[in-house]
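Participant: Compute the structure for the input listed below.
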Amino acid sequence: MTFDGAADALPSPEVSIRQLLELIGEQGLLLFCVFLAVPVLLPVSIPGTSTVFGLLLLLVGAGVTANRVPWLPNGLLSRRLNSAHVATVLRKSAAASRRFEKLIRPRLLALTHGATLNRINGLMLVLVALLLMAPLPLFPFTNTAPAIAIVLLAVGMAERDGVIVIAGYVATAVATAYIGLLLYGVFWAGSGILDRVWEFLGN
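Facilitator: Sure thing, here's the model as predicted:
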């Protein structure tokens, strides 16, 4: 089922994550990754779900790495979301997909086939899911950078497009460098403040 079709089939007023996965269809897990990343990329949001979405992405990436359907906790699958918000995200996802569908096609298949490549691609999803959950709410692009990588990796794997997968690797490297530098800076800034507090208390 397409994103538009899933949006039309949503129950009202709320939908569980389990129901959403069933509606998205046979490529559900990879398309679900795109759905989870879109609210960060576009001016739409589903309130209070950043940690939940990051954890779901982490578990999906682990499933891809293990080459099997991932275990998802019942608590997460039963989590209910506002259907109107979900429909907005699904339709935005569909619109974004239509803009780029002519650019995406099966190519460089060696990067999307085989257990070893699946593990590598799954590990990349795990990494960007962890980056997405990094506690850096006040810095710009800390969610957007890994979200771009998630979309590229998931679309590349779903559509067997090795070029898009490579773009996902590049986006993952950029996001890792950016967020890594921010975390390093926050750590050392925090260490400096702590040292000053100890000096003050010592005096």
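
Participant: Check which helix or strand residue 138 maps to.
Facilitator: For residue 138, there is no helix or strand it lies in under DSSP states H and E.

Participant: what do you get for residue 151?
Facilitator: Judged by DSSP H and E, residue 151 forms part of helix 144-158.

Participant: what comes up buried for that helix?
Facilitator: By neighbour count on 16 or more other CB atoms under 10 Å, the buried set for helix 144-158 is 145-158. Yep, even glycine has a C-beta here, placed from its N, CA and C like the rest.

Participant: helix or strand right after the lowest-mean-pLDDT helix or strand in the chain?
Facilitator: Lowest by mean pLDDT, DSSP states H and E among the helices and strands of the chain is helix 28-41, with a mean of 74. For helix 28-41, the following helix or strand on the C-terminal side (DSSP H and E) is helix 50-66.

Participant: Can you give the distance of that next one from its chain's centre?
Facilitator: 8 Å (CA atoms, centre = their mean, to the nearest Å).

Participant: quick one: average pLDDT of the next helix or strand after that helix?
Facilitator: Later in the chain than helix 50-66, the nearest helix or strand by DSSP H and E is helix 74-77. Averaged over helix 74-77, pLDDT sits at 77.

Participant: which strands and helices sit next to the following helix or strand past helix 74-77?
Facilitator: Moving toward the C-terminus from helix 74-77, the first helix or strand encountered (DSSP H and E) is strand 80-82. Under the contact criterion of 3 or more CB pairs under 8 Å, 6 or more residues apart in numbering; DSSP states H and E, strand 80-82 touches strand 14-16.

Participant: Tell me the strands beside the strand it packs on, with direction?
Facilitator: strand 80-82 (antiparallel) (DSSP bridges).

Participant: What residues sit buried inside the partner strand?
Facilitator: In strand 80-82, counting by 16+ other CB under 10 Å, buried: residue 81.

Participant: now it: how far from the chain's centre is it?
Facilitator: Using CA atoms, centre = their mean, the offset of strand 80-82 from its chain centre is 18 Å.

Participant: mind saving the C-alpha coords of the helix or strand just after that strand as CSV?
Facilitator: Using DSSP H and E, the helix or strand that directly follows strand 80-82 along the chain is helix 83-100. The C-alpha coordinates for helix 83-100 follow below in CSV (Å, rounded to 0.1, in the frame of the first residue of the first chain):
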residue,chain,number,x,y,z
SER,A,83,-4.6,9.9,13.1
ALA,A,84,-4.8,13.5,11.7
HIS,A,85,-1.1,14.1,12.5
VAL,A,86,-0.1,10.7,11.0
ALA,A,87,-2.2,11.3,7.9
THR,A,88,-0.4,14.6,7.3
VAL,A,89,3.0,13.0,7.6
LEU,A,90,2.0,10.1,5.3
ARG,A,91,0.8,12.6,2.6
LYS,A,92,3.9,14.7,2.9
SER,A,93,5.9,11.5,2.5
ALA,A,94,4.0,10.5,-0.6
ALA,A,95,4.5,14.0,-2.1
ALA,A,96,8.2,13.9,-1.4
SER,A,97,8.4,10.4,-3.0
ARG,A,98,6.7,11.5,-6.2
ARG,A,99,9.2,14.3,-6.7
PHE,A,100,12.1,11.9,-6.7
